[in-house]
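Peer 1: no sequence on hand, only this structure:
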Ligand SMILES: NC(=O)c1ccc[n+]([C@@H]2O[C@H](COP(=O)([O-])OP(=O)(O)OC[C@H]3O[C@@H](n4cnc5c(N)ncnc54)[C@H](OP(=O)(O)O)[C@@H]3O)[C@@H](O)[C@H]2O)c1
């Protein structure tokens, strides 16, 4: 069946969007049909009901992102454009803003117009354009992170206006760049968007673009709902583990004996956070013998299940904690990670000095996810300690590392050796992003993850 026959067939019928019951121009239908397989075309044409064919607004959005590719226009197209233009103007007058039909190449996004204005839901934000290795993902669920509200409130990580936040999501591959060969249209995927300066990759929008080499196909054991909130925590934890040189994400030729020595003990302050929970699980996979975490007692069962071997109550005094830790690691602690803040960073550095008669003998490692040591820290505590910070942009800037991390963690997720946070607080729609961010700021998260179903 050729495209012209189809259009002939539809010449005298009225086409309606089933959600709005408004007419849709023949031009939109023509573009839709031209993109479908013959079998799908016949199904649609079979559904012609007297003089009315209904297509859903998802179809018309689906159509919208193909407009640039189908730009050939005839005089009848121009007439149709005028009808479509008029219809849109009429629609704009009649419908409340939340129901307005979007421009055909636009989508909905939550934007920051300025630091002083509230987040704004823009129904006419452009759909991002693809490069060679990229895919366009239709977001179904979005994970919310503290940085999404903190960045706006404390004015960091926002470099221009309008700006879009959102660093993780799950959804369906909608369009492929010309060099993409590892995923197909329709694949279910989830992402961690670390390239925050590139607004096409932000997730507070219907469609997000990301490098196809750095996305996870949905493992069979996971749902789109629970996977939307994995990305940021897992990438951050993966970057911490990478700083420890334990050779988890690539096959560098390490001195195995030296490596195994390094895997005796690790302490993570803040194990019940999203990031902390993945560090514990990756440390277990990497073979650490003593995985110690500081957290609330109420999370003990959860943390033990993840692989923590010792849990210290975060509400005990520093002296009490040092005493307990000395019993656990009489030989001294090798690696300390802080996922909470400056004050706890300083305490973890003290932990690394437990029973350290000669600091020069054994170098130790500290990784700060949130903070550096405070300026007035006792300098002797830092002696022969490697201070490391985590920069998650390494994930996309060093594609080889990113690919290794995705591939290894996909395997671990599939084998359920890494489990996502399953305590989900669910919000709905773009308004839900705004509500979720307000609640996250107000109440925080206690071993739980805020997500939004679009
Ligand atoms: N460097 C980076 O690139 C990077 C990337 C991602 C995240 N981050 C940062 O890492 C931190 C963690 O992020 P997230 O999303 O994983 O956090 P999250 O899940 O929201 O963290 C909440 C958890 O932290 C625990 N917690 C709070 N204060 C604690 C304390 N003093 N001691 C022990 N546990 C404490 C809470 O325990 P309770 O239930 O006991 O209250 C709660 O379970 C955030 O500050 C985030 O901004 C940095």
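Peer 2: That came in fine, so what should we check first? Because the structure is a prediction, the values reported are computed rather than measured.
Peer 1: wait, residue 390 sits on residue 371?
Peer 2: No - Residue 390 is beyond contact range of residue 371, at 10.9 Å (criterion: C-beta atoms under 8 Å). Heads up, the C-betas are built off the backbone N, CA and C, glycines and all.
Peer 1: out of these two, which sits in the busier spot?
Peer 2: residue 390 (20 against 16; other C-beta atoms under 10 Å).
Peer 1: so which bits of this structure are right by the ligand?
Peer 2: 145-147, 232-233, 236, 269-270, 272-275, 294-296, 314, 339-340, 344, 369-370, 390, 392, 445-447 (C-beta under 6 Å from any ligand atom).
Peer 1: so of those, which ones are in helices?
Peer 2: Among those, the members falling in helices (DSSP state H) are 146-147, 232-233, 236, 274-275, 344.
Peer 1: most widely separated two among those residues?
Peer 2: 232 and 344 (20.2 Å; C-beta to C-beta).
Peer 1: report the buried members of the residues of the chain next to the ligand.
Peer 2: 145-146, 232-233, 236, 269-270, 272-275, 294-295, 314, 339-340, 344, 369-370, 390, 392, 445, 447 (16 or more other C-beta atoms under 10 Å).
Peer 1: what is the burial count for residue 327?
Peer 2: 8.
Peer 1: what comes up buried for the helix or strand encompassing it?
Peer 2: If you go by DSSP states H and E, residue 327 is part of helix 318-328. Buried residues in helix 318-328, defined by neighbour count with 16+ other C-beta under 10 Å: 321-322, 325.
Peer 1: could you do stretch 397-413 as well?
Peer 2: Buried positions in stretch 397-413, judged by neighbour count with 16+ other C-beta under 10 Å: 401-406, 408-410, 412-413.
Peer 1: got it, and stretch 418-435?
Peer 2: 418-421, 424-425, 427, 430, 432-434.
Peer 1: and for residue 159, the neighbour number?
Peer 2: 9.
Peer 1: wait, which of the buried residues of helix 318-328 is closest to the ligand?
Peer 2: Of all the buried residues of helix 318-328, the ligand sits closest to residue 321, with 10.9 Å by C-beta to the nearest ligand atom.
Peer 1: what helix or strand does the residue nearest to the closest one when sequence neighbours are not counted sit in?
Peer 2: Leaving aside its sequence neighbours, residue 321 sits nearest to residue 312 (C-beta to C-beta, 6 or more residues apart in numbering; 5.4 Å). Element membership for residue 312, per DSSP H and E: strand 310-313.
Peer 1: that older thread, mind checking which of the buried residues of stretch 397-413 are in helices?
Peer 2: Filtering the buried residues of stretch 397-413 for helices - DSSP H - leaves 401-406, 408-410, 412-413.
Peer 1: farthest-apart pair in these, please.
Peer 2: Counting by C-beta to C-beta, the most remote pair of these is 401 and 413, 18.1 Å apart.
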